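Visitor: give me the fold of what follows.
(one chain, ligands or ions: 1)
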Amino acid sequence: MKPSTAPLYPWQTAHWQQLQAYVLQQRIPQALLLTGRAGLGKRQLADQYAAALLCQTAEQTALACGECSSCQLLAAGTHPDYLRIAPEETGKAIGIDQIRQLNQKLALKPQFERYRVVVIEPADALNVAAANAFLKCLEEPTERTCFILLGQYASRLPATIRSRCQKLVFLSPAAEQSRRWLAEQGVSGDADMLLEMALGSPLLALDYAQTDKMALRQQLFQDWLKMAASHSHLAEIAERWQKFDQIELERLLSWLALWLADLLKLALAGPSARIGSRDLQASLQQLAAKLDLKGLYRYYDTVLTSRAKLTTTLNKQLLIEALLLDWWQLNNR
Ligand SMILES: [Zn+2]
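Guide: As a prediction, this is how the structure comes out:
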């Protein structure tokens, strides 16, 4: 870990300056809430801030030195004053037991002279009981303890928690800045298309460019075309889609939403419409030509609602089957 005066990503400068000012002025908020879409670097910025709070020499610089014993313990993942609360399984809730254990640890003093940092990610995964228990941590502050909450859906947190947090909202950077950054990372493909797919999140766009997710997207699109053509694929496709975890499902539904938005653009403006998924233009155009506009709007709405329901839906199978069936019906009325 090297000290750096700059944030990790160029679009985070203002947020980082704010966090640095907290450290330099020794006005550390008791709780910070970092919200915004995935792929904007919330975690990386939170880590950089946490390191500055823990480092033994960062008081004057707001920069972790990377060399003191605190920095070394943090890098080794064994700093006693750095606590991380996350769901025990991806996509699951953070339960009350985890917050009870946290409370027990907070009853003890921090081990080092500087701050104790508690990171909760994703904070919107706190279930109701856990959120209520956590509220007590905020109401009865323990010494030199700073909570950092990260999450995409801040609105799911109780207002009583949100109102006790300093908020940093992460927005997608300007397209020009994202394009420049992607080029610097060696991305040579269609940056605009990657950014559209990633809903404007540069880190996600980079991930798409560097991994096999483009192949996965292609496969899912083929599934979707097959389903439009025949009902007989329902069971086979539903079985495969059900195996996705929460994050993958969210991505899948985001892609569906993008394709539907493209279909709507094509249906309204014709083949010259500027769509996001340009590589799929031919197939999308064929679909757009035969689909009913009203039904398309309705289905678009269904996909968005399903995506919002993902964290609370117990029956993934039902949700996926309904989505596929609706899609087939739209194509075969
Ligand atoms: Zn240090």
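
Visitor: number of residues surrounding Leu256?
Guide: The burial count assigned to Leu256 is 22, neighbours taken as other Cβ atoms under 10 Å. To be clear about C-beta, it is placed using only N, CA and C from the backbone, and glycine gets the same treatment.

Visitor: check Lys309 too.
Guide: For Lys309, using other Cβ under 10 Å, the count is 11.

Visitor: quick check: it touching Leu319?
Guide: Yes. Contact criterion Cβ atoms under 8 Å: Lys309 and Leu319 qualify, at 7.1 Å.

Visitor: tell me which helix or strand of the protein sits lowest on mean pLDDT?
Guide: Within the chain, confidence by mean pLDDT, DSSP states H and E is lowest for helix 191-197 among all helices and strands, at a mean of 88.

Visitor: C-terminal to that helix, what's the next element?
Guide: Heading C-terminal from helix 191-197, the first helix or strand you meet, by DSSP states H and E, is helix 202-210.

Visitor: mind listing residues that contact that next one?
Guide: 9, 11, 38-41, 173, 178, 181-182, 185, 187, 189, 191, 194-195, 197-198, 213-214, 217 (Cβ atoms under 8 Å, 6 or more residues apart in numbering).

Visitor: can you flag the buried ones in those?
Guide: Burial by neighbour count, judged by 16 or more other Cβ atoms under 10 Å, picks out 9, 11, 38-41, 173, 178, 181-182, 187, 191, 194-195, 197-198, 213-214, 217 from the contacts of helix 202-210.

Visitor: what residues does the chain have near the ion?
Guide: Neighbours of the ion within the chain, by Cβ under 5 Å from the ion: 55, 65, 68, 71.

Visitor: in the stretch 201-333 of the chain, what residue lies closest to the ion?
Guide: Leu203 (26.0 Å; Cβ to the ion).

Visitor: near the residue of the stretch 101-250 of the chain found nearest the ion, how many residues? Count them for me, please.
Guide: Proximity of the stretch 101-250 of the chain to the ion (Cβ to the ion) peaks at Arg114, 9.4 Å away. Neighbours of Arg114 under the rule other Cβ under 10 Å: 19.

Visitor: okay, Ala62: pLDDT?
Guide: As predicted, Ala62 sits at a pLDDT of 88.

Visitor: wait, it touches Val23, no?
Guide: Yes. Assessed by Cβ under 8 Å, Ala62 is found in contact with Val23 at 3.8 Å.

Visitor: okay, and the common contacts of the two?
Guide: Ala52.

Visitor: what's next to stretch 95-103, contact-wise?
Guide: 83, 85, 88, 118, 126-127, 129-130, 133-134, 136-137.

Visitor: can I get the residues you listed in a markdown table with neighbour count, distance to Arg100 and secondary structure?
Guide: Below are the contacts of stretch 95-103 laid out as a markdown table (neighbours: other Cβ atoms under 10 Å; distance: Cβ to Cβ, whole Å; DSSP: H, G, I helix; E, B strand; the rest coil):
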| residue | neighbour count | distance to Arg100 | secondary structure |
| --- | --- | --- | --- |
| Leu83 | 17 | 13 | strand |
| Ile85 | 20 | 11 | strand |
| Glu88 | 10 | 14 | coil |
| Val118 | 23 | 14 | strand |
| Leu126 | 28 | 13 | strand |
| Asn127 | 16 | 13 | coil |
| Ala129 | 14 | 10 | helix |
| Ala130 | 21 | 9 | helix |
| Ala133 | 19 | 7 | helix |
| Phe134 | 27 | 10 | helix |
| Lys136 | 10 | 10 | helix |
| Cys137 | 21 | 11 | helix |
